[in-house]
Structures are given as structure tokens and as C-alpha cells.
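Visitor: starting from these lines, generate the structure:
(chains A, B, C and D)
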Number of protein chains: 2
Amino acid sequence: MATTEVEKPQRKTRIQRANEQKILEAALEVFSQHGFRGSTIDQISEEAGMSKPNLLYYFKSKQDIHETLLSRLLDSWLDPMRELSADGDPLEEILNYVRRKIEMARDYPRESRLFANEIIQGAPRIKPILGGEINDLLNSKAAIIANWMEEGKLKKVDPKHLIFSIWATTQHYSDFEEQVRVVLGRGIDDPAEFENTKAYLENMFTSMLKV
Amino acid sequence: MATTEVEKPQRKTRIQRANEQKILEAALEVFSQHGFRGSTIDQISEEAGMSKPNLLYYFKSKQDIHETLLSRLLDSWLDPMRELSADGDPLEEILNYVRRKIEMARDYPRESRLFANEIIQGAPRIKPILGGEINDLLNSKAAIIANWMEEGKLKKVDPKHLIFSIWATTQHYSDFEEQVRVVLGRGIDDPAEFENTKAYLENMFTSMLKV
DNA sequence: AACCCATCTGACCATTTGGTCAAGTTTTAT
DNA sequence: ATAAAACTTGACCAAATGGTCAGATGGGTT
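Guide: Below you'll find the model as predicted:
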């Protein structure tokens, strides 16, 4: 019997790397604005500046692009939470997390909207990741926070709800950017407004948590 | 010259009323889950239990259904904010607003997601309403809150950011329900979890605002 | 009973969309 | 230089989708 055909983990060409990058960048732009079902391969290929068949030469389907994009971005998306360390000063650790999340809302609004779109629609394509990696990470950080509270280093509140409210308040500025912009006349991308927002949120979480 | 043909504001039939209701209910279900572009007339007509042509007998297009739905729901959606009165006790007025918003997140999650979907995608179909009615209402309430702070009845924070954080934290439980459910094992529809959430948010806004 | 108008639907149409294919062009390794 | 491999695309296809239409059905009024 002949050797079964196995994937060849061929190293990637220069062109391959460049085009996958262009496609994912284009896909982020399109998916984050219209959601999965609202986006078309044509939109993405146009945004990427290549023909549709060529795009499908690199990714075998729309699903494939979407999944690849989500999994590539997930890591950096969770980075700020990973940095939260049991060793630092409790309040400062949490405020740092808040700051990092506001910075991400400013610097990576499309990534935020990509995940928001996915979750708001019931997370049909990433529920396993939600229940796995994200949940584990959140649990471990919630435990650290609970510990701090147990030790009297922070006022006691529900750690998971605390994390929710950090997510909600920070991501609000990217996910609902349009609304924010209408109300404030400017967005989180405006330096002065960024400082405003940061000060507001730092104060909010400080007054809730400081012993 | 004959009289120009004018719309006849014919009073609505019993059947008409019932069917429009069924269609809008079905549309809420579908649009809130998939967004405008991700929803199809077929899905809506099936959900409403009628044929597609019949649905289009009552609403002339997908756009039409969507617009009607948004404008019908907007009023009740804004009600909690309208209730915020300059006459009451400042902190209690704000906490009441928070409570009403959590209740809405529990009782009307589809409505919340409908608006969230629309705004996250750049609010292409309701920007005028955002810039008009909602903005006016928010400005007037922000002024009331600013007044209270000026009079020393509340700690000073940016009133508009305060409103944002109320929206963000409460709507989080309906808009990102799937995520909440994965992390907590239950949603805001669970009575115990509802109480938990309410207590957490009341405490958060109290500690930030109480003088 | 007979009429009228509202209600309803199967069949249909044009466009959009996800995806394929065969045939060309460019890169790369020798 | 040249052949193999990698890359690219116009043309195409089937299914899905928004919407139309002609005609059937039904309910209410006289």
C-alpha cells in the first residue's frame, strides 16, 4: 500500500505570506463592519486588491478566512488580561488592565468589533474558544482578584462582574463608536477625549475598589 | 383637472393589525440575531408563519420592516432615561435608571441586540435618530446630572461618560449574553443572577457617586 | 346572493453570492 | 535557459436572495 498522502508543511513563500496578510487585513476591515453573514468574499477580495479566485487560492472558504482571523487575533486580544499579575499592587494591576483595554479600544477598534459582532450573534463560530481558553483565563484572574479581596487589599465585589464591567465600559468606546461620536462630537481616537475617558474609568474603578 | 390621488389613511383591519404585529415580532427575532444584512425575508416570513409575498403585502421591503421596527421600539427603549427626573433624590434617580436598564436587559434582550447590531455596524440606518432624539434626551439628562454635581449632591464625574458606563454595563448582559452565560453558567434571566448583577452595579455606581 | 376589496400564494425573475475550473502568467530552482 | 511549481484570473455554475405578478381565496356589506 502506498504511503498515505499527508499535508506537506511546506515553508511559506514570500508572496504567500504577503497575500495572506493582505487578505486577513481586508477581512478584518470587512467582517468587523458587517459581521460574518453580512460580508461577502467579493468585498474582501476587492479590499485586498486581488481577484476572488486568487483569494480562494489562499483560503478555501469564507468560513476559513473568518476562523483564521479570529484565532490569530484572539491571543493579542487577551494579552492585557494575561498581564494581570498576582504579584503587583492589586489596585494598580487592575487599573493597568483597564488602561490597556482603553488603549486597545482606541488602537484596535476593528478587532473589538469583530469579536463583538461574533458574540452578539450568539458566538456560533467561537463558542468552543469562549468556553475554553477565555473562560480558563478569566477564571484564573478572577481567583487572583478574589484573593486580594479576601486579604483585604481591595473592597469586596464579585470578581467576574468586575471583569465584565471592565470589558463593557472599555469596549463600549470601540464597539459603539458611532454613538459615542454622535454624543461627544469626537471619538476615543481624539487624544483629549482619550484622556477624559481614561480618567473617568480610572476614577470609577478606583472608587469602587480602593480600601 | 381631477383631484390628485392622495394616500388614503384607511383605518386598519383586524387582520392587518394582527399580521403586522406577527411580522414585526418575527423580524425582531431574526434581525436581533443576525443583523440587517445577515437576515433574509424568507427567515422572517417563515418565523411569522406566512408566505413571503404576503409579508411583502404588508411591508414593501426588508428595509421597510427594519425601519418600522426600529422606530416602534425606540420610544420604549428610551423610556427609562426619560424617567430620570430633576426632582428626585440624585443618587436614587440614577440608581433607578440603572435598575430599569438591568430589567430591560433581562426582559428585552432582543431589542437591545437589535440596536447594538445597528450601532456596531456604524448605525447606517439610524444615524439621524441618534443625532436627533437620542442626543437631545441624553444632553438634557446630562445637564440635570451636572447640576446635581455642581450643587454638591453627587461626586463630580463626567455626566456623559457616566451615562455611557450605565449603558455599557447594563446592556452587556443582553448584548453579550452568550459570553456571560459561558462564564457564569447562567444568564441575567436567572433570578439569582439578576439580583447579583443588580447588587454589583448598584454598588459600583453608588461608590462612584455618593458624596 | 352578489359584489367588492382585502388577503394570500405559487410561480417567476434578476441579481448577488459562495465557490470551481481551465488556462494563462510569473517565480524559482537547476 | 528552462522546466516545474507557484500564482493569478476570466468565465462559469448552482444556490440563495430581494422582490414582482397574475390570479385564487375569503370576509364583509348591501
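
Visitor: residue A:207 contacts residue B:206, doesn't it?
Guide: No: in this structure, residue A:207 is not within contact of residue B:206 by Cβ atoms under 8 Å, at 9.4 Å. Every residue, glycine included, has its C-beta placed from N, CA and C.

Visitor: the more surrounded of those two?
Guide: Between residue A:207 and residue B:206, counted using other Cβ atoms under 10 Å in any protein chain shown, the more crowded position is residue A:207 (18 against 15).

Visitor: let me know the pLDDT of the more buried one.
Guide: Residue A:207 is assigned a predicted lDDT (pLDDT) of 98.

Visitor: mind listing what it touches?
Guide: Contact partners of residue A:207, counting by Cβ atoms under 8 Å, 6 or more residues apart in numbering or on different chains, are B:155, B:207, B:208.

Visitor: so which of those belong to helices?
Guide: B:207, B:208 (DSSP state H).

Visitor: need the strands for chain A, in chain order.
Guide: Using DSSP state E, chain A contains no strands.

Visitor: and it, which residues reach DNA strand D?
Guide: By the rule Cβ under 7 Å from any atom of the strand, the part of chain A lying against DNA strand D is A:10, A:13, A:15, A:16, A:19, A:50, A:51, A:52, A:53, A:54, A:57.

Visitor: now do the contacts for the fourth one.
Guide: Same thing as residue A:16. Taking Cβ under 8 Å, 6+ apart as the test, what residue A:16 contacts is residue A:58.

Visitor: how much space separates it from residue A:137?
Guide: Distance of residue A:16 to residue A:137, computed by Cβ to Cβ, to the nearest Å: 32 Å.

Visitor: for the third one, same thing?
Guide: In this structure, residue A:15 lies at 36 Å from residue A:137, with Cβ to Cβ as the measure.

Visitor: which residues sit against stretch A:132-141?
Guide: For stretch A:132-141, contacts defined as Cβ under 8 Å, 6+ apart pick out A:74, A:78, A:81, A:82, A:84, A:159, A:160, A:163, B:179, B:182, B:183.

Visitor: give me that answer again for 10 Å
Guide: When contacts are defined by Cβ atoms under 10 Å, 6 or more residues apart in numbering or on different chains, stretch A:132-141 is touched by residues A:71, A:74-75, A:77-78, A:81-86, A:93-94, A:97, A:115, A:126, A:129-130, A:159-160, A:162-164, A:167, B:179, B:182-183, B:185.

Visitor: do the lowest-mean-pLDDT helix or strand in chain A and chain B meet?
Guide: Lowest on mean pLDDT, DSSP states H and E among the helices and strands of chain A sits helix A:127-129, with a mean of 88. Yes: Helix A:127-129 comes into contact with chain B (Cβ under 10 Å from any Cβ of the partner chain), by way of A:127, A:128, A:129.

Visitor: so what's the gap between that helix and the chain middle?
Guide: Offset of helix A:127-129 from its chain centre (Cα atoms, centre = their mean, to the nearest Å): 14 Å.

Visitor: now do stretch A:20-34
Guide: The answer for stretch A:20-34 is 14 Å, by Cα atoms, centre = their mean.

Visitor: what does stretch A:103-117 give?
Guide: Taking Cα atoms, centre = their mean, one finds stretch A:103-117 lying 6 Å from the centre of the chain it belongs to.

Visitor: before we move on, what about stretch A:76-87?
Guide: Here the centre of stretch A:76-87 is set off from its chain's centre by 13 Å, with Cα atoms, centre = their mean.

Visitor: residues contacting residue A:55?
Guide: Neighbour list for residue A:55: A:19, A:22-23, A:26-27, A:41-42, A:44-46, A:48, A:62, A:65 [criterion: Cβ under 10 Å, 6+ apart].

Visitor: and for residue A:79?
Guide: By Cβ under 10 Å, 6+ apart, the contact set of residue A:79 is A:100, A:104.

Visitor: and it, how far from DNA strand D?
Guide: To DNA strand D, residue A:79 is 30 Å away according to Cβ to the nearest atom of the strand, to the nearest Å.

Visitor: what subset of the contacts of residue A:55 is buried?
Guide: Listed as buried from those are A:19, A:22, A:23, A:26, A:27, A:41, A:44, A:45, A:48, A:62, A:65; burial here means 16 or more other Cβ atoms under 10 Å in any protein chain shown.

Visitor: contact partners for the third one?
Guide: Taking Cβ under 10 Å, 6+ apart, we find residue A:23 in contact with A:44-45, A:47-50, A:54-56, A:58-59, A:65, A:68-69.

Visitor: ok, which pair from these is furthest apart?
Guide: Using Cβ to Cβ, the pair of those lying farthest apart is A:49 and A:68, separated by 18.8 Å.

Visitor: which of those two has more residues huddled nearby?
Guide: residue A:68 (16 against 11).

Visitor: returning to that earlier point: ok, and for the least confident helix or strand of chain A, which residues are buried?
Guide: A:127, A:129.
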